[in-house]
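Engineer: sequence and predicted structure are below.
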Amino acid sequence: MTAFAHEAAPRPAVLQAQGVTMVFGGLTALNDVSLTLEEGQIVGLIGPNGAGKTTFFNCLTGLYTPTRGRVLLDGSVMPNDPAHVTIAGVARTFQNIRLFPNMTVLENVMVGRHSRMKQDPVSTLLRLPAFKRGEAAARERSRELLEFVGLTRSENEVARNLPYGDQRRLEIARALATDPKVLLLDEPTAGMNPQETEATRQLIFAIRESGVSVVVIEHDIKFIFSLCDRVCVLVQGELLVEGSPEVVRADPRVIEAYLGKPPEEVEAEVREAAAAVEHDKGERS
Ligand SMILES: Nc1ncnc2c1ncn2[C@@H]1O[C@H](COP(=O)(O)OP(=O)(O)OP(=O)(O)O)[C@@H](O)[C@H]1O
């Protein structure tokens with residue numbers, strides 16, 4: 001046994017951003033940002049308002065074409081339009097929930113499922129048995145996903161009538177319906193109460209267990225430090241610090257720059273987050 005046997009061996013990179021720069025007119029929203037997501041990892045992206053987090057997600061999902069740099073999925077350059085990015089295996093949710101509000105919960109998930117289905121137009125138009133089999137399979141998979149996120153009971157409700165937290169879970173189910181390798185979550189707990197936030201944390205662990213790697217943007221650092229394997233801190237479009245939650249929360253630059261709050265307030269939040277993580281570890285062991 002070597003002295004480093006306890007260190008986990010690096011796993012293959014599933015998603016890589018290399019030197020991503022995004023300039024809007026005179027504004028550099030991202031400057032030379034690189035990030036590697038290994039298989040089975042949960043990576044957190046934090047930073048003050050306007051730091052470039054959502055812009056980075058938009059570059060990772062083909063919504064924006066970076067001014068410089070590139071994005072690789074499984075070592076190949078990512079397509080540069082969102083539909084092909086979805087088919088390639090990257091799904092996302094949005095900071096402002098984007099459901100089909102007048103469709104049912106089940107129909108919303110089935111929309112995600114359809115992006116994976118290769119239906120021959122003739123059998124679709126004529127409602128041939130192949131079409132019906134495809135639809136039945138999509139419905140079954142969508143129901144499994146609703147059960148996975150805990151929304152079975154709401155299957156026939158219209159999406160806009162769901163409580164806010166359930167709408168966020170539905171967005172996650174719809175994203176999972178595309179069978180992603182990578183899931184990008186933009187503020188998945190925004191507007192949630194502590195119980196819903198904890199349920200979302202457990203859901204993300206379960207998503208990772210199912211083989212999907214995750215990148216998550218959140219302002220709640222307690223949530224991020226107790227969820228993620230690695231944390232990246234973006235400030236004014238630049239990657240300020242990257243590392244394990246332990247390394248990041250101890251970095252004075254993070255305490256100084258994070259969210260622009262008074263240092264005492266940030267220190268208190270960071271201490272509270274660290275205590276919560278330790279408590280959590282104790283409970284699990
Ligand atoms: N399409 C766009 N055109 C011009 N400027 C943009 C565009 N999208 C984002 N920006 C600018 O880029 C910067 C980064 O914005 P972004 O939304 O990525 O930050 P963020 O870290 O996600 O912020 P928040 O935490 O508030 O969501 C901001 O100054 C924003 O105004």
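Structural biologist: Arrived safely.
Engineer: so I46 is in contact with L234, correct?
Structural biologist: Yes: assessed by CB atoms under 8 Å, I46 is found in contact with L234 at 7.4 Å. For the C-beta atoms, the positions are set from N, CA and C on the backbone; glycine is no exception.
Engineer: now for these two: what residues contact both?
Structural biologist: K53 (CB atoms under 8 Å, 6 or more residues apart in numbering).
Engineer: whichever strand or helix holds F223 vs the ligand: in contact?
Structural biologist: Using DSSP states H and E, F223 sits in helix 221-227. No: Helix 221-227 stays clear of the ligand (CB under 6 Å from any ligand atom), getting no nearer than 12.9 Å.
Engineer: so which elements touch that helix?
Structural biologist: Applying 3 or more CB pairs under 8 Å, 6 or more residues apart in numbering; DSSP states H and E, one finds that helix 221-227 makes contact with strand 42-46, helix 194-209, helix 245-250, helix 263-284.
Engineer: tally up the residues packed near S213, please.
Structural biologist: 25 (other CB atoms under 10 Å).
Engineer: phi, psi of it?
Structural biologist: phi -90, psi 150 (degrees, to the nearest 10).
Engineer: on that earlier part again, make JSON lines out of the helices and strands packed on helix 221-227 and add mean neighbour count and distance to the ligand.
Structural biologist: Below are the helices and strands packed on helix 221-227 laid out as JSON lines (neighbours: other CB atoms under 10 Å; distance: least, CB to the nearest ligand atom, whole Å):
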{"stretch": "strand 42-46", "mean neighbour count": "25", "distance to the ligand": "8"}
{"stretch": "helix 194-209", "mean neighbour count": "16", "distance to the ligand": "17"}
{"stretch": "helix 245-250", "mean neighbour count": "18", "distance to the ligand": "17"}
{"stretch": "helix 263-284", "mean neighbour count": "13", "distance to the ligand": "16"}
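Engineer: reformat those as TSV; add mean pLDDT.
Structural biologist: Converted to TSV, these look like this (pLDDT from 0 to 100):
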stretch	mean pLDDT
strand 42-46	96
helix 194-209	95
helix 245-250	87
helix 263-284	69
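Engineer: what would the ones you listed look like in TSV with distance to A175?
Structural biologist: Below are the helices and strands packed on helix 221-227 laid out as TSV (distance: least, CB to CB, whole Å):
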stretch	distance to A175
strand 42-46	15
helix 194-209	10
helix 245-250	24
helix 263-284	26
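Engineer: can you classify I97 by secondary structure?
Structural biologist: coil (DSSP: H, G, I helix; E, B strand; the rest coil).
Engineer: do the same with L185
Structural biologist: L185 - assigned by three-state DSSP - is strand.
Engineer: what number of residues lie near T61?
Structural biologist: Neighbour tally, T61, other CB under 10 Å: 19.
Engineer: ditto for G211
Structural biologist: G211: 10 neighbours (other CB under 10 Å).
Engineer: how close does the closest residue to it other than its chain neighbours get to T189?
Structural biologist: With sequence-adjacent residues excluded and distances taken as CB to CB, 6 or more residues apart in numbering, G211 is closest to G40, at 7.4 Å. As judged by CB to CB, to the nearest Å, G40 and T189 stand 22 Å apart.
Engineer: looking at the two, which is more packed in?
Structural biologist: Taking other CB under 10 Å, G40 and T189 do not tie; T189 has more neighbours (24 against 15).
Engineer: now do the same contact list for that one.
Structural biologist: Residues counted as contacts of T189 (CB under 8 Å, 6+ apart) are 168, 196-197, 200-201, 218, 220, 223.
Engineer: swap the cut-off to 7 Å and go again
Structural biologist: 197, 200, 218, 220, 223 (CB atoms under 7 Å, 6 or more residues apart in numbering).
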